[in-house]
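S.K.: quick one: sequence and predicted model below, then my questions.
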Amino acid sequence: MALDEEPEIPSPSASFDAYQVLLQSAAVSATKAAIGLPQDISYHRSLDRKFGKRLDTCSDRILSITSQLLEYAEAGNSTEGTSNTRSKKGKGKRKLDSEEDIVDGFHSLVVDVMDQLLERTDTCLDVLLGRNKPAAIPINPQQPSTTATKAPRGRLDPSLAHASYLRKPQLLFRSPVDNTNAPTPWIPKLKCKHHAVVPLSQSISAESFVSSPHPYQYEITHLTPPMHLLNPPSSPTPPEPLASSSPVTYISHVSQLPPLIEAMRRAPEIAVDLEHHSYRSFAGFVCLMQISTRTQDWIVDCLDPEIREKLECLNEIFADPAIVKVFHGAESDIVWLQQDFNLYVVNLFDTYHATKVLDFPKHSLAALLEMFCDFTPDKRYQLADWRIRPLPDEMLVYARSDTHFLLYIYDHLRNALVAPRSPQTQSQHQTPLLGVLRRSADTALRTYVRETYDAIGGTGAGGWDSLSRKWNRSSGVGGDVQAAVFKAVHKWRDDVGRSEDESTRYVLPNHYIFRLSENPPQDLPALLGIFHPVPPVVRTRSLELLDVIKDAVKHAALQPSIETVPMIVTDMDNEVHAVDVGNEEAAGLWDRLRHSGIATAAKVAPSSALFGQTLPLSRPPPAEHSASSSSLFGPSLQGSASAPTNPRYRDVVARIHSTLVLAPSLTLERVGTAISSSEPYVKVSDQDFNAAAQAEIPYIPPAQRQPILKTDPNADDTIVVVGQRPKKRKRKGATSEVVDSPVTADPADPKKRKEQVKSESEGGALEPFDFDAAPNILDEPGPVAPPAKKRREKGAKTGVQYGNFGAPPRNMSEVKSGNQSHTFR
């Protein structure tokens, strides 16, 4: 390869084909030359200096060209969106100065850069040929943000969370609050039905009220979606930031409602949200209503009495099927609009249902604001006291943000819903967008239902049974007194909340009800000592609450306990019967069972502690169940009675028989072959006993027995201890006394034993052995070994003993050497 002569390189922009051919030929020739170099190139450099100089010049040129290419690639990465800080940090690191740089960082400096260049080239070709498409849902589009990316933390100011100093605004409402516990249904109070297809009188008539309580049910179910709803814009226009947009319009007077209605009438869609308060009211009420279009935001003060009476005029917009009403999580908002303002929504689009259909990981409005708008709301104000007037700026910003970005999110969700789906989804009869509209229509058909209290069953959202199940405390109120106190206090809280128009949480928190039921107080100090702190309503009505608890305890003590009545299951079907088994008129076991109701008609209790009052009161007498044999009374106890066919009953009888234990007794013979049903027991005399049976020997205490002497020379009662060596006894010089009774020879001495046998044979016959007077080995006290006394040996060493080894030597006698080895046995 001639390095001195450089060929003319054509311009790639003028003739790219010629440039490409020349580039490939140069790369091929350079590769062949590199392969042709010898392995021992250092040896050839030492032989020919000109060859080494030319080799160094070629290497420097290649390193310089490679470094320039790396700089160009780094500059291209910075222009493709890489931050300036990153390009500055990487400056100077993409340079090859010596052979060591190639050996150490060839993969990171050359290979990685080539991979990035090839990936960028592939991406640019796809964009040029139109192979890749933009995402259907752009995540975090580039737009200015008005708040910090991190949500503020910490607790909300207590004065904003609960303004206890405020007077109840519901006292100034024109329509008085109705908290009566009446089972009658709530009837809508519409004065005019806008955009009606079915007349108002027919919609809320008495005949159709039970089946169609919603006045706009026909209009919602027969709605045709407008075309602008089904055709979303391909590139939604982002809304203006809250800081730079026009200020919000705060409506605090009735005269400002007509301009609001006129502006909404021109908009094809509006966003609506509500702020509700329920802590200082039994049923709750709406405090704010936020409404937004594409260009303007409104906040309506719903606590003003005049505005509250005139808000029904918004039905002209809310019931218009041509205007889309966008809500997020509208299940509660729909009910609150009906309860407070007689407002009904037609053509609803709930963004919450859209997130469910699209299978988003999070479904809250805050998650949607962060995903599409890069806006993080301060969710601490969600639980703020919205009765405060005037509202602080932070609460106004939070209320406005709920609807200001909602139409922009609505556009993105529609684009995702109408985007091409998988073949399985496309084959369905309805698209995802129509599925969201169907779910939103079901939400719009919700109606306000007045909450009633069920004192007996405790059902409903505010019932005592629902509370105990929610807290998993059903077992904690199982006693008669505890259950009575729990139900009485719970009902007292509901009655006081309705009369004072306070929420049940404000009157008495839930955990205090369980405390009062577990430990019912006896006096007023004990009652007040349970609360920390004492709720305001309880402080003013403490004597009333104490009387309720005492009455509940008194009535629970007078009523008989259900748990004391034993229960017997007479049938294994779905019905259960309680049978009184406490009848003592029956003489025997089976007679008592027959009198209790198993063989006759069962005495059925009207209620059960397990199943309540759902037990049937009328039932035909069950079939008679009797066993053909018994382990206690033998066969044929009830005559010719068929055995029961129920396997569960046989299992119960078998378990009862298995628990009966018979004491050991003598073997008896049955008299006769058959037993009459009138005489289930037969008296057996002593003559019927088995002759081969041995008579029982009575037990005689040792103190009443006669003294026994050993007279049988063949009897040997010596107890031999195996495995122990006999101890040596020292001889004693004591003289033995002469006894008139015959002396028994020692069986251990053969000489004395032989002499005794000889004398007995000369004397005549032996006397018979008296077994009754023989001593009992079990009655004789065993030998008590005296405590062994350890004698201290002379010269024994005292101190700490180390098992079987001797004590360590003294320090003076130790061998002072570096390497010691000890052998222990």
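M.R.: That came through fine.
S.K.: what packs against the strand or helix carrying His412?
M.R.: Using DSSP states H and E, the element containing His412 is helix 406-418. Packed against helix 406-418 by the contact rule (3 or more C-beta pairs under 8 Å, 6 or more residues apart in numbering; DSSP states H and E) you find strand 269-277, strand 324-327, helix 351-357, helix 432-444. Just so you know, the C-beta spots here come from the backbone N, C-alpha and C atoms, and that holds for glycine as well.
S.K.: closest one to Val21 among these?
M.R.: Nearest to Val21 among the helices and strands packed on helix 406-418 is helix 432-444 (53.7 Å), distances taken as C-beta to C-beta.
S.K.: so who does the closest residue to His490 other than its chain neighbours touch?
M.R.: Spatial nearest neighbour of His490, excluding adjacent residues (C-beta to C-beta, 6 or more residues apart in numbering): Trp464 at 4.1 Å. For Trp464, the contact set (C-beta atoms under 8 Å, 6 or more residues apart in numbering) comprises 458, 486-487, 490-491.
S.K.: including secondary structure, could the residues you listed go into TSV?
M.R.: What follows is these, written out as TSV (DSSP: H, G, I helix; E, B strand; the rest coil):
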residue	secondary structure
Gly458	coil
Phe486	helix
Lys487	helix
His490	helix
Lys491	helix
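S.K.: for the residues you listed, which one is nearest Pro247?
M.R.: Taking C-beta to C-beta as the measure, Pro247 sits nearest to His490 out of the contacts of Trp464, at 48.6 Å.
S.K.: neighbours of the closest one, how many?
M.R.: For His490, the count of nearby residues is 26 (other C-beta atoms under 10 Å).
S.K.: what's the longest helix in this protein?
M.R.: Identified as the longest helix of the chain according to DSSP state H is helix 49-79.
S.K.: show me what that one is packed against.
M.R.: helix 41-47, helix 84-90, helix 112-129.
S.K.: now that helix: average pLDDT?
M.R.: The predicted model assigns helix 49-79 a mean pLDDT of 79.
S.K.: buried ones in that helix, by neighbour count?
M.R.: Buried positions in helix 49-79, judged by neighbour count with 16 or more other C-beta atoms under 10 Å: 63, 66-67, 69-70, 73-74, 77.
S.K.: for the helix holding His412, which positions count as buried?
M.R.: Buried positions in helix 406-418, judged by neighbour count with 16+ other C-beta under 10 Å: 406-417.
S.K.: which residues are in contact with it?
M.R.: Helix 406-418 is contacted from outside by 136-138, 229-230, 232-234, 236-239, 269, 271, 273, 292-294, 326, 328, 349, 351, 354-355, 357-358, 365, 368-369, 372-373, 431-433, 436, using C-beta under 8 Å, 6+ apart.
S.K.: ok, stretch 300-310 next?
M.R.: Contacts for stretch 300-310 (C-beta under 8 Å, 6+ apart): 169, 172-175, 250-254, 257, 260, 285-291, 311, 340-341, 387, 389.
S.K.: can you give me the buried ones in it?
M.R.: Buried-residue list, stretch 300-310, by 16+ other C-beta under 10 Å: 300-304, 307-308.
S.K.: taking the residues you listed one by one, which sit in helices?
M.R.: Using DSSP H, the buried residues of stretch 300-310 in helices are 307-308.
S.K.: from the buried residues of stretch 300-310, which is closest to Ile334?
M.R.: Cys302 (15.6 Å).
S.K.: pLDDT score for the closest residue to Leu527 other than its chain neighbours?
M.R.: Nearest non-adjacent residue to Leu527, counting by C-beta to C-beta, 6+ apart: Pro521, 4.1 Å away. With respect to pLDDT, Pro521 scores 95.
S.K.: quick check: Pro521 touching Val538?
M.R.: No - checked against C-beta atoms under 8 Å, the pair Pro521 and Val538 is beyond contact range at 11.9 Å.
S.K.: would you mind identifying the next helix or strand past the helix or strand where Tyr250 lies?
M.R.: In this structure, Tyr250 sits in strand 249-251 according to DSSP H and E. Using DSSP H and E, the helix or strand that follows strand 249-251 in sequence is helix 257-265.
S.K.: which residues does Ala488 contact?
M.R.: Applying C-beta under 8 Å, 6+ apart, we find Ala488 in contact with 548-549, 551-552.
S.K.: and Asn231, how many neighbours?
M.R.: Using other C-beta under 10 Å, Asn231 has 10 other residues around it.
S.K.: torsion angles phi and psi at it?
M.R.: In terms of degrees, to the nearest 10, the main-chain angles of Asn231 are phi -120, psi 90.
S.K.: if I look at it, how far off is Pro239?
M.R.: Asn231 is 20 Å from Pro239, where distance means C-beta to C-beta, to the nearest Å.
S.K.: so which bits of stretch 175-189 are buried?
M.R.: Along stretch 175-189, these residues count as buried under the neighbour rule (16+ other C-beta under 10 Å): 179, 188.
S.K.: endpoint to endpoint, that stretch covers what distance?
M.R.: Its first and final residues considered, stretch 175-189 spans 12 Å by C-alpha to C-alpha, to the nearest Å.
S.K.: residues in contact with it?
M.R.: The contact list for stretch 175-189 (C-beta under 8 Å, 6+ apart) reads 170, 204, 209, 213, 215, 281-283, 309, 338, 342, 447-450, 452-453, 494, 497-499, 501.
S.K.: can you check stretch 534-543 too?
M.R.: Contact with stretch 534-543 is made by 496, 500, 502, 506-509, 512, 524, 527-528, 531, 545, as judged by C-beta under 8 Å, 6+ apart.
S.K.: what do you get for stretch 325-335?
M.R.: Applying C-beta under 8 Å, 6+ apart, the external contacts of stretch 325-335 come out as 269-274, 276, 318, 345-352, 365, 368, 402, 406-407, 410, 440, 443-444, 446-448.
S.K.: among the contacts of stretch 300-310, which ones are in strands?
M.R.: Counted as lying in strands by DSSP state E, out of these, are 250-251, 285-291.
S.K.: which one among these gets closest to Ala26?
M.R.: Among those, Gln290 lies closest to Ala26 (C-beta to C-beta), at 69.6 Å.
S.K.: could you check how far that closest one is from Leu396?
M.R.: Plainly put, Gln290 is 10 Å away from Leu396 if you go by C-beta to C-beta.
S.K.: if we can go back for a sec, so how do I select the buried members of the contacts of stretch 175-189 in PyMOL?
M.R.: Only the buried entries of those go into this PyMOL selection, using 16+ other C-beta under 10 Å:
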select buried, resi 170+204+213+215+281+282+283+338+342+447+448+453+494+497+498+501
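S.K.: thinking again about what came up before, which neighbours do Gln290 and Leu396 share?
M.R.: Shared contacts of Gln290 and Leu396, defined by C-beta under 8 Å, 6+ apart, are found at Ile299.
S.K.: give me the more crowded residue out of the two.
M.R.: Taking neighbours as other C-beta under 10 Å, Gln290 and Leu396 compare with Gln290 leading, 23 against 18.
S.K.: now do the more buried one against Leu391, distance only.
M.R.: 12 Å.
S.K.: overlap of the contact sets of those two?
M.R.: Common neighbours of Gln290 and Leu391, using C-beta under 8 Å, 6+ apart, are Ala399.
S.K.: re the thing from before, now do the phi/psi pair for the residue nearest to His490.
M.R.: According to degrees, to the nearest 10, Trp464 has phi -70, psi -30.
S.K.: quick one: pLDDT of it?
M.R.: Looking at Trp464, its pLDDT is 92.
S.K.: try the one 10 residues further on
M.R.: Note on Ser474: pLDDT of 63.
S.K.: hmm, back to that, which of the contacts of stretch 175-189 fall within helices?
M.R.: Those of the contacts of stretch 175-189 lying in helices (DSSP H): 309, 338, 494, 497-499.
S.K.: ok, so of the residues you listed, who is nearest Phe769?
M.R.: Distances from Phe769 to the ones in helices among the contacts of stretch 175-189, taken as C-beta to C-beta, are shortest for Asp494 (94.3 Å).
S.K.: understood, closing this out.
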